[in-house]
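**Student:** mind folding the following:
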Amino acid sequence: MIKTDPPTPNPIQFKDGPPPEAPEPYTVYMPQYHRQQRDQALGIYMDAWSRAEGALLSIMSDMISPEPHIGRAIFAVLSAAQIRDVMTALSRTAYEGDGQKKLEKLLERVKRAATKRNRIVHGRWKLEIDMNHDTGIVFNAEWARLYEPSDPEQLALVEDSVNGGKVRDCNCFTVAHLLRGSQEVDRLLEDLLNFRTATPKKSPAQPPKQDEPLASPEAK
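**Tutor:** Purely as a prediction, here's the structure:
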């Protein structure tokens, strides 16, 4: 029996613009600047997140000191989780009960947003191609930013566009997902800014009044 090498898979080629009525096999039709569009969406998301972090810094600085550089120095050396813990602790002395509860709810939103942000930042771009492998006709191609969990079973679900379910949804971000994510972060930013301007802080505690010391007999 003569052994033969397995057939070499046909290379995918790329062409600009929408697919024609009779697309060529093994051909992905995409806009000319498809890579720039995906990177632009990522940049928009990161810009939104930077502004939200700036609002978070302002709230923390308000609770620490009237000198903004002090809060900025502390903010710079803390992890994201430490920042939230510090702000939660400070809120108990900086705000009344309702204000403190509002800030704690905002910090819970920040925590969820930070988890998503970390997966987006530490993910990688992958062009996912939906294709008929018998004919080579490409039905759809879409860039997605995939976060790869260390657990092999979780990773397999992330890469499974059909059966990945919730695991994939939490770790796979298309350009459309990034743009919606930017809007979510913008809403968080707006709520942080509104909290800062609309929530009064507690009045500074006044030292207890003390009776004037009695004059000594010698002073009379």
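
**Student:** going forward, measure contacts between C-alpha atoms and count neighbours the same way
**Tutor:** OK.

**Student:** torsion angles phi and psi at the closest residue to Ile64 other than its chain neighbours?
**Tutor:** Using C-alpha to C-alpha, 6 or more residues apart in numbering and skipping residues adjacent in sequence, the residue nearest Ile64 is Gly71, 6.2 Å away. Torsion angles at Gly71 (phi, psi; degrees, to the nearest 10) stand at phi -60, psi -40.

**Student:** what's the spacing between Gly71 and Arg168?
**Tutor:** 38 Å (C-alpha to C-alpha, to the nearest Å).

**Student:** wait, a strand at Tyr29?
**Tutor:** Yes - counting by DSSP: H, G, I helix; E, B strand; the rest coil, Tyr29 falls inside a strand.

**Student:** I'd assumed Pro18 was in contact with it.
**Tutor:** Yes - counting by C-alpha atoms under 8 Å, Tyr29 does reach Pro18; the two are 5.6 Å apart.

**Student:** so the two - more neighbours on which side?
**Tutor:** Tyr29 (20 against 11; other C-alpha atoms under 10 Å).

**Student:** apart from its chain neighbours, what residue comes closest to that one?
**Tutor:** Lys15 (4.9 Å).

**Student:** pretty sure that neighbour is in a helix, no?
**Tutor:** No - looking at Lys15 with three-state DSSP, it is strand, so not inside a helix.

**Student:** ranges for the strands of the chain?
**Tutor:** 13-16, 27-30, 124-131, 138-146, 172-174 (DSSP state E).

**Student:** give me the buried positions along the longest one.
**Tutor:** With burial defined by 16 or more other C-alpha atoms under 10 Å, the residues of strand 138-146 counted as buried are 138, 143-146.

**Student:** picking up where we left off before, per-residue pLDDT of the residue nearest to Tyr29, please?
**Tutor:** We have a pLDDT of 89 for Lys15.

**Student:** what number of residues lie near it?
**Tutor:** 13.

**Student:** give me the pLDDT for the closest residue to Ile59 other than its chain neighbours.
**Tutor:** Nearest residue to Ile59, sequence neighbours excluded (C-alpha to C-alpha, 6+ apart): Arg196, at 6.1 Å. Arg196 is assigned a pLDDT of 95 by the prediction.

**Student:** do I have it right that Arg196 meets Met60?
**Tutor:** No - Arg196 is beyond contact range of Met60, at 9.8 Å (criterion: C-alpha under 8 Å).

**Student:** more neighbours: which of these two?
**Tutor:** Met60 (24 against 18).

**Student:** so who does that one touch?
**Tutor:** 71, 87 (C-alpha atoms under 8 Å, 6 or more residues apart in numbering).
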